[in-house]
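Peer 1: Attaching a predicted model along with its sequence, questions to come.
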Amino acid sequence: MAPKNLAEVPAEEVAAFVKSFDNILFDCDGVLLLGEDIIPGVKDSVNSMKEMGKEIKLITNNSFRTTREWNEIFEDVELEFTSHDVIFPTKAVIHYLQAKKFNKKAFVLGQPAMVEELKEYGIGVYDYKDCPKLKHVSDLEDYIGDDLSIGAVIVDLDFNLTYPKLMKAATILKRPDVHFIFCATDKTAPFGENYKIIGSYFIGETLEMITGRKPVILGKPSVTYNNFVKKNYKKIDPARTLFVGDSLMTDMLFATKCNYQKLLVLTGTTSYETMMSCSKEVSPKYYLRSLGDLHKLLN
């Protein structure tokens, strides 16, 4: 059955849908926010859900912000959330490594926010010094060697990724005892209203192919990531939980794997045409052009 626009179904069907869940898990980018800006109408929709007694948490693949920066963005856009309400991959990575009693350094292909957060929680991070412009393959040798002080390679979206840095990660991963952790698996991510950025999926996929290693995935759509979500939000009953996202292959697939109800919004990475032709596995029952439309249906 094709997804139905929630804004066009009878009021009785909207009411039945809203009554079918107690908890809501929102993705952030492309659902609540575009870059640093809140999507029009989102604040009213979130507040309407809270007024109805819905428990709301945020589940994102975005590790571009530290805990402090998440608090700042919520304050800036006047959403009544704190960093305690949001799960992002860096939190899951920290929990994973602490549970492993990790005592080496991590080699991070990711943004400075991730590095800062790892250090804040006592996890050492290898300080990679990138090489100058190289003219020949032999010039790589001094920059891609192994270092036995490194015990984990963490892969996320790295805006400063270079070929030598990627090669060093591959070299380190030849050791089977090195933890291989992959965070966000998105192929694209929304950035502002006019374009999408290339996601970290291709970085992790490249390392998988050239090393033959399978990573632990601590981001959507991984069930391992959901296990961390459940440890933090113990009230969640999947059958009574709605997941709201903008991506088919991360958000909707995550919801399918975790047995959550699904609502797709079209303000992020997914177009109407793509949604209407997607597989049953990732297809939502309902969609909205924007989460900002939801409060209009409830009032």
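Peer 2: It's in. Residues are numbered from 1 along each chain as shown.

Peer 1: Tell me who's in contact with Phe254.
Peer 2: For Phe254, the contacting residues are 59, 220-222, 225-226, 243, 245, 260, by Cβ atoms under 8 Å, 6 or more residues apart in numbering. For the C-beta atoms, the positions are set from N, CA and C on the backbone; glycine is no exception.

Peer 1: tell me the secondary structure for it?
Peer 2: Look at Phe254: counting by DSSP: H, G, I helix; E, B strand; the rest coil, its state is helix.

Peer 1: Same question for Ala152.
Peer 2: Assigned with three-state DSSP, Ala152 falls in the strand class.

Peer 1: Look up how far Val153 lies from the nearest residue to it once chain neighbours are set aside.
Peer 2: Spatial nearest neighbour of Ala152, chain neighbours left out: His179 (3.9 Å); criterion: Cβ to Cβ, 6 or more residues apart in numbering. Noted for His179: a distance of 7 Å to Val153, by Cβ to Cβ, to the nearest Å.

Peer 1: Which residue of these two possesses the greater neighbour count?
Peer 2: When neighbours are counted by other Cβ atoms under 10 Å, His179 and Val153 differ, and Val153 comes out ahead with 26 against 19.

Peer 1: Got the domain ranges for this protein?
Peer 2: Following automatic domain parsing, the chain resolves into domains at 4-60+245-298, 90-217.

Peer 1: TSV for those, including mean pLDDT and distance to Glu75?
Peer 2: Below are these laid out as TSV (pLDDT from 0 to 100; distance: least, Cβ to Cβ, whole Å):
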stretch	mean pLDDT	distance to Glu75
domain 4-60+245-298	96	12
domain 90-217	92	17
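
Peer 1: Can you say which of those is nearest to Leu79?
Peer 2: Nearest to Leu79 among those is domain 4-60+245-298 (6.2 Å), distances taken as Cβ to Cβ.

Peer 1: of the contacts of Phe254, closest to Asn5?
Peer 2: Set against Asn5, the nearest of the contacts of Phe254 by Cβ to Cβ is Gly245 (16.4 Å).

Peer 1: Burial check on that closest one, number of neighbours?
Peer 2: Applying other Cβ under 10 Å, we find 31 residues neighbouring Gly245.

Peer 1: Select from the contacts of Phe254 every entry located in helices.
Peer 2: Among these, the members found in helices (DSSP state H) are 225-226.

Peer 1: Could you dump the contacts of Phe254 into a markdown table and include distance to Gln111?
Peer 2: Listed next are the contacts of Phe254 as a markdown table, based on distance: Cβ to Cβ, whole Å:
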| residue | distance to Gln111 |
| --- | --- |
| Ile59 | 19 |
| Lys220 | 18 |
| Pro221 | 21 |
| Ser222 | 20 |
| Tyr225 | 18 |
| Asn226 | 23 |
| Phe243 | 25 |
| Gly245 | 21 |
| Tyr260 | 28 |
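
Peer 1: Select from the contacts of Phe254 every entry located in strands.
Peer 2: Among those, the residues falling in strands (DSSP state E) are 59, 243, 245.

Peer 1: Helix, strand, or coil at the residue nearest the centre of the chain?
Peer 2: Nearest to the geometric centre of the chain sits Asn61, at 1.0 Å (Cα atoms, centre = their mean). State at Asn61, reduced to three classes by three-state DSSP: coil.

Peer 1: separation between it and Thr162?
Peer 2: Asn61 is 23 Å from Thr162, by Cβ to Cβ.

Peer 1: for Val153, same thing?
Peer 2: For Val153 relative to Thr162 (Cβ to Cβ), the value is 15 Å.

Peer 1: Likewise for Asp22?
Peer 2: Separation of Asp22 from Thr162 (Cβ to Cβ): 47 Å.

Peer 1: Perfect, that will be all.
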